[in-house]
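The sequence and its predicted three-dimensional model are supplied below.
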There are 4 protein chains.
Amino acid sequence: MSKTYNVGILGATGTVGQRFITLLKTHPFLKIHRLGASSRSAGKTYLKATKWKQSTPCHDGVKEMVIQPCSPEHFEGCHIIFSGLDADVAGEIEAAFRKADFKIFSNAKNYRRDPLVPLLVPTANPAHLQLIRQQQKETGAGGFIVTNSNCSTAGMVVPLAAIQAAFPGLMDSVDVVTLQAISGGGYPGVPSLDILDNVVPFISGEEEKMEWETGKILGHYAEPSIQHAEMSVSASCNRVAVIDGHLGCVTIRYAKEAALPSVAEIVAAMEAWMPLQQSDALPSAPKKAIFVHQDEDRPQPRLDRELEGGYAVSVGRVRELPGGRGVKFICLVHNTVLGAAGMGILNAELAIQHGFI
Amino acid sequence: MSKTYNVGILGATGTVGQRFITLLKTHPFLKIHRLGASSRSAGKTYLKATKWKQSTPCHDGVKEMVIQPCSPEHFEGCHIIFSGLDADVAGEIEAAFRKADFKIFSNAKNYRRDPLVPLLVPTANPAHLQLIRQQQKETGAGGFIVTNSNCSTAGMVVPLAAIQAAFPGLMDSVDVVTLQAISGGGYPGVPSLDILDNVVPFISGEEEKMEWETGKILGHYAEPSIQHAEMSVSASCNRVAVIDGHLGCVTIRYAKEAALPSVAEIVAAMEAWMPLQQSDALPSAPKKAIFVHQDEDRPQPRLDRELEGGYAVSVGRVRELPGGRGVKFICLVHNTVLGAAGMGILNAELAIQHGFI
Amino acid sequence: MSKTYNVGILGATGTVGQRFITLLKTHPFLKIHRLGASSRSAGKTYLKATKWKQSTPCHDGVKEMVIQPCSPEHFEGCHIIFSGLDADVAGEIEAAFRKADFKIFSNAKNYRRDPLVPLLVPTANPAHLQLIRQQQKETGAGGFIVTNSNCSTAGMVVPLAAIQAAFPGLMDSVDVVTLQAISGGGYPGVPSLDILDNVVPFISGEEEKMEWETGKILGHYAEPSIQHAEMSVSASCNRVAVIDGHLGCVTIRYAKEAALPSVAEIVAAMEAWMPLQQSDALPSAPKKAIFVHQDEDRPQPRLDRELEGGYAVSVGRVRELPGGRGVKFICLVHNTVLGAAGMGILNAELAIQHGFI
Amino acid sequence: MSKTYNVGILGATGTVGQRFITLLKTHPFLKIHRLGASSRSAGKTYLKATKWKQSTPCHDGVKEMVIQPCSPEHFEGCHIIFSGLDADVAGEIEAAFRKADFKIFSNAKNYRRDPLVPLLVPTANPAHLQLIRQQQKETGAGGFIVTNSNCSTAGMVVPLAAIQAAFPGLMDSVDVVTLQAISGGGYPGVPSLDILDNVVPFISGEEEKMEWETGKILGHYAEPSIQHAEMSVSASCNRVAVIDGHLGCVTIRYAKEAALPSVAEIVAAMEAWMPLQQSDALPSAPKKAIFVHQDEDRPQPRLDRELEGGYAVSVGRVRELPGGRGVKFICLVHNTVLGAAGMGILNAELAIQHGFI
């Protein structure tokens, strides 16, 4: 692929914005062209405006870029817009960019529930990308918005999608308890006094997102719309003293009438799940969407979050529910890679591959 | 109560033993009389033999006590034996003490599944204490063994007992995901490289204990035996970077035919749960067995584990399951107080009150 | 002591304010009478206005008190004012209270460098209390201001005062490197992303405070003023992942001409240091101002910060400097007890004892 | 460089051994040929024998290698031996390997004080490599032993070497207080109960190592021996809750007669320090031996330890000592890269470049 694409990043100084920049540092065909942030930062160099909190240094080209205000006229020449904006401003700004014919891949929650906007987890429901057509038709815009899921949703829906594909109609209900990393709260985010020697058993709005988003992501796309999946989802979300990596303890109960797969069959379905292939067109795609660990004490956030550069989901401890009418397992996602910025990047690669850009 | 009782502690140098000593420091009628530990420590003063890891200093009287080998002849004069022994030695030693007519309150798992031995969580199933009679009858010993539950079980069964008492037959299944403190692993216990910036989603044997013990504890005692409760229990246990305090995310599904209580009724049942009363006879009993928090982000281990000296269970975030056929909530127990040494102490107080000692 | 004193707390909702409230809960003669905070909180009950972050619950009497604005007319009837105000407002407010004849014990830095204001660490330089007389004389106010030292200064000056008293003229220079707890940064304070798996080797303004305050505290009071001590002090301050407890690694170099004490003599001087006696008049005073640990790996924040309720300083690892012309040791102070709120309380007790209130 | 060298690793299953394997994964000319460990592990595959604790997966080629006993006959064909052995066995084993003409680069402390063995920190004292000649002459062996310094020493001596080179005779004394990572203690190593919400102000033997090794490393090599540097070094070592990265707070006092450099000159000396050049022959060498940070709150372990792959030393907060007769600064080293395995690897590259292998 010799063509390169110019990328603009909205919310570039924040935690998600920093991760976009880090992940794009060596990207073969996505090139950072413009950085946008609040009016407080606009006009300054990126270096001056940003409290850089990544463990690898910011690259020199980016450090000296001047930050733009987040309005479309300052992003001319960008083929792709990544948005790491906060929800309180993302709604209006992203709408303005779409109207100005930009193609936006957003990490904000604002348009996730819009029936015309794909809620796209690339290794779970890539087919929903096609909803872009309907969105363009109905809005009349040349641009479009594609949203990521919430970070904790992403870790769970990939194995759920694998099970659903292999055993349609099997899952009746899904319970998930999360142990989520502090980087999910941004910077300054979670106060240290709240999390050292502690757990906070509540993350505002998180459970509602997981419970609602799962149904849309696992839904069936039939032109012109998505029919949500019907399983019942119950989430309980906790913040723990981990830097990166959201862990989920998932319990699936099977529908009454379903034929019951064995644990080995569930594992096989996850290992075989390959909704997209790593290639020159999809360089960020993991070699395997799901990595199933055999050790009884894995996956662990610190040891496994970087698997496949953070684009794979780790699963472990797959075991039968007492009574045999369900399965439980652990899943782990790197919440700022596949769970946020990386999800946007892979979604953009997919959109290029399918000719939407 | 003017009478005092001499106490012997087996496994006195370990984490649980240290907590026994700390909790008994100011006890009105239980007096430390003998300390026992492995042959490696026997003959040394407690101070010399012990790596003291409590945040309050060891009291002077105990520091200079000479450690005894764990055999009955060295514990003469003890009315009560507390055992914090490791499971690999507890079986034989505790049997020998019972045979020698000692009354043992054990934190070890060895006799929990023995149908003659009460598995006693004092604020959940105090009536099971009566099983002592049958034990003495069948073993012919003047002594007896009473066991604690596992630490994570204790946090969950107290609210479950409250619900069961108020709504018999309501609970069909219980799912619990735990976030457990490192002190539960003893000392040296969990390596720091395993838990800093990390979660370990596995604790050997823990899930089996929670799943089995719950049925016995919530079972019905009808002379001469206990009929286990029939609900299905599924546990998923995680170790997190918390010093003390096990948190459980509990999901209860209701039986099909049951009349469905409201969330407010569930909360009321927990708040009203009072299986035993704090008194001169039960000085360690909490004023309330369960404290239901109203703040949406509580209970938290660091802020709430010391409630009522660690003898109360904290509950929070009681809410309906999507679909309405169940309830979920958070519970928190101080794993080395009500979850271990404190449970033994309160069990002993109860046994004295009921004339077994 | 049958008399009781009414206490007002300025900045009552903050971290230091919460600690004042916690420490005064059971105080024999200091009674909370008024609580003050910013206009944002004034008029609300304490419960509503405060994000309570202490590990023991707030007592009921305080929860329902209505918060006052921080101006003198709302604090009528208070014999003592404790100030936990932020430095950006403390200057004006404390001046206004003094002018209105209140007696203020302040944790803020604003008046520490005022030559008329005692910078008082009760177990280091209690004699400086007498400076109040000069302050009242020169300001013409019936009230006065007494300031605490900075929290990290407090931990170091107590052992330094002991050495200075036993070996006048011995200390030529003092180097200190601190490892400071996050509670010193207030709430929300230090972001968790900055401190988990990390050290921040900088605390704004902290080194300057330690370097300057030490000279005043160890200075000689000769009516009407304090002559600062002349030793050179160099500080290097780090924030570490500890909840409470500032640790200092102190190196003292001896003056050229001085007779050199042995390590044992230095330890003896610290153990003998008793600038004030615990009594009914000074109930918060520690039994020993300094506790010298013998174990080579102590003091440790988590294990030793609560010694004497947090009012003692722990010292350990006292050893000769290579070459023999100095000594080095570790010191530990509970930064929100003796290092902040407790220092104010003990200062107030001392002022009552000496008839200033 | 087309030639490749076969590498054997002793102590391959431990923390340092795992880091050797991780760092060699993509090395251009050092190839892992043999793995050695204790008799408990010998005969098993590496995968089976090892509790892998690195955050990147072990590569497939290594997983299936069979572990050898640590005796020379099993390491035939190895041009280079890296030793990550524990000190209690390293002495005899390394001697046996040298006698069998192997070239050993050891992380163990056993031969560091041997006057014939270079104590080599590649970016501090590369010239000491020449001592190999004398060692071979005196031992009559074709092989030799080169040792690393202690991990915390490595972080400090690099900036000290830069200052010494630019300002000979300037440094009279060096005080260092360390904040050291838990990975320095190996696995299982530091118990989590010792370090969570805590600092341990003692690391057995560490202060002695820093105080002694600095003199040898900064010493002058004049055939046939090293004349130790004469400055006095005082160390105070602390363990903190950090995964990787040792931080040192260094205070240098200048010799009485010395001309005093400005802070800017000290910084310039560090930035100019370039004892060896990254090249095809020295692929692991950092581009800059020392990176001087400008931000007042840097370096920080989590953000800066990976600089130059962990082979650079970070320095920050360079400032004058009060009184002006010295300088203080912060330094940071990745304790398992430049501070351990990486130091051995770079030493080996250097030995190849200079024809010793």
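Looks like it came in fine.

Helix or strand for residue A:314, just tell me which one.
Using DSSP states H and E, residue A:314 maps to strand A:313-320.

and that strand, anywhere near chain D?
No: on the criterion Cβ under 8 Å from any Cβ of the partner chain, strand A:313-320 is out of touch with chain D, staying 11.2 Å away. Bear in mind the C-beta positions are built from the backbone N, C-alpha and C, glycine included.

which helices and strands does that strand pack with?
If contacts are counted by 3 or more Cβ pairs under 8 Å, 6 or more residues apart in numbering or on different chains; DSSP states H and E, strand A:313-320 sits against helix A:151-166, helix A:263-272, strand A:290-292, strand A:326-333.

Save these as a markdown table, and put in mean neighbour count and distance to chain C too.
Formatted as a markdown table, the helices and strands packed on strand A:313-320 follow (neighbours: other Cβ atoms under 10 Å in any protein chain shown; distance: least, Cβ to the nearest Cβ, whole Å):
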| stretch | mean neighbour count | distance to chain C |
| --- | --- | --- |
| helix A:151-166 | 25 | 15 |
| helix A:263-272 | 17 | 30 |
| strand A:290-292 | 21 | 24 |
| strand A:326-333 | 26 | 18 |
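
Would you pull up the residue in the stretch 101-250 of chain A closest to chain D?
In the stretch 101-250 of chain A, the residue that lies nearest chain D is residue A:197 (4.6 Å; Cβ to the nearest Cβ).

Name the nearest residue to that residue, sequence neighbours excluded.
Distance criterion Cβ to Cβ, 6 or more residues apart in numbering or on different chains; nearest residue to residue A:197, sequence neighbours excluded, is residue D:197 at 4.6 Å.

Show the contacting residues for that neighbour.
A:196-197, B:243, C:241-243, C:301-302, D:241 (Cβ atoms under 8 Å, 6 or more residues apart in numbering or on different chains).

rewinding a little: any chance you could give me the strand holding residue A:314 in PDB, C-alpha atoms only?
These are the backbone C-alpha positions of strand A:313-320, laid out as PDB (Å, rounded to 0.1, in the frame of the first residue of the first chain):
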ATOM      1  CA  VAL A 313      -8.100 -10.000  23.700                       C
ATOM      2  CA  SER A 314      -6.800 -12.500  26.300                       C
ATOM      3  CA  VAL A 315      -9.100 -15.200  27.600                       C
ATOM      4  CA  GLY A 316      -8.400 -17.700  30.400                       C
ATOM      5  CA  ARG A 317      -9.900 -20.000  33.000                       C
ATOM      6  CA  VAL A 318     -12.800 -21.100  30.700                       C
ATOM      7  CA  ARG A 319     -14.800 -23.500  32.800                       C
ATOM      8  CA  GLU A 320     -18.300 -24.900  33.100                       C
END
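
List the buried residues of that strand.
Within strand A:313-320, the residues scored as buried using 16 or more other Cβ atoms under 10 Å in any protein chain shown are A:313-319.

how close does residue A:320 get to residue C:331?
56 Å (Cβ to Cβ, to the nearest Å).

Near chain C, which residues of the stretch 201-350 of chain A are found?
The stretch 201-350 of chain A comes close to chain C at residues A:241, A:243, as judged by Cβ under 8 Å from any Cβ.

The stretch 201-350 of chain A: strands as residue ranges?
A:220-222, A:225-227, A:232-239, A:246-254, A:290-292, A:313-320, A:326-333 (DSSP state E, counting those that start in this stretch).

Same check on the stretch 1-150 of chain A?
Applying DSSP E, counting those that start in this stretch to the stretch 1-150 of chain A gives strands spanning A:5-10, A:30-37, A:68-69, A:80-83, A:103-106, A:144-147.

Report the distance from the third one to the chain centre.
Centroid separation for strand A:68-69 versus its chain: 25 Å, with Cα atoms, centre = their mean, to the nearest Å.

Determine the set of other helices and strands touching it.
Going by 3+ Cβ pairs under 8 Å, 6+ apart, strand A:68-69 lies up against strand A:30-37.

again, but for the longest one
Under the contact criterion of 3+ Cβ pairs under 8 Å, 6+ apart, strand A:30-37 touches strand A:5-10, helix A:15-24, helix A:60-63, strand A:68-69, helix A:342-353.

repeat that with 7 Å
Judged by 3 or more Cβ pairs under 7 Å, 6 or more residues apart in numbering or on different chains; DSSP states H and E, the packing partners of strand A:30-37 are strand A:5-10, helix A:15-24, strand A:68-69.

With mean neighbour count, distance to residue A:251 and mean pLDDT added, can I get these in JSON lines?
Formatted as JSON lines, the helices and strands packed on strand A:30-37 follow (neighbours: other Cβ atoms under 10 Å in any protein chain shown; distance: least, Cβ to Cβ, whole Å; pLDDT from 0 to 100):
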{"stretch": "strand A:5-10", "mean neighbour count": "25", "distance to residue A:251": "37", "mean pLDDT": "98"}
{"stretch": "helix A:15-24", "mean neighbour count": "24", "distance to residue A:251": "30", "mean pLDDT": "96"}
{"stretch": "strand A:68-69", "mean neighbour count": "18", "distance to residue A:251": "46", "mean pLDDT": "97"}
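
Next to chain B in this structure, residues from chain A, please.
Taking Cβ under 7 Å from any Cβ of the partner chain as the contact definition, chain A meets chain B at A:175, A:177, A:179, A:197-202, A:211, A:232-234, A:236, A:238, A:240-243, A:247, A:249, A:251, A:296-297, A:300-302, A:316-317, A:321-323, A:328, A:330.

Let's see that with 6 Å instead.
Counting by Cβ under 6 Å from any Cβ of the partner chain, chain A comes close to chain B at A:175, A:177, A:179, A:197-202, A:232, A:234, A:236, A:240-243, A:247, A:249, A:251, A:296-297, A:300-302, A:321-323, A:330.

which of those residues count as buried?
The neighbour-count criterion (16+ other Cβ under 10 Å) marks A:175, A:177, A:179, A:197-202, A:232, A:234, A:236, A:240-243, A:247, A:249, A:251, A:297, A:300-302, A:321-322, A:330 among the residues of chain A next to chain B as buried.

Dump the helices and strands packed on strand A:313-320 to JSON lines, plus distance to residue D:35 and mean pLDDT.
Below are those laid out as JSON lines (distance: least, Cβ to Cβ, whole Å; pLDDT from 0 to 100):
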{"stretch": "helix A:151-166", "distance to residue D:35": "35", "mean pLDDT": "98"}
{"stretch": "helix A:263-272", "distance to residue D:35": "29", "mean pLDDT": "98"}
{"stretch": "strand A:290-292", "distance to residue D:35": "25", "mean pLDDT": "98"}
{"stretch": "strand A:326-333", "distance to residue D:35": "29", "mean pLDDT": "98"}
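
Pipe the ones you listed into CSV and attach distance to chain D per row.
Formatted as CSV, those follow (distance: least, Cβ to the nearest Cβ, whole Å):
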stretch, distance to chain D
helix A:151-166, 18
helix A:263-272, 16
strand A:290-292, 10
strand A:326-333, 13
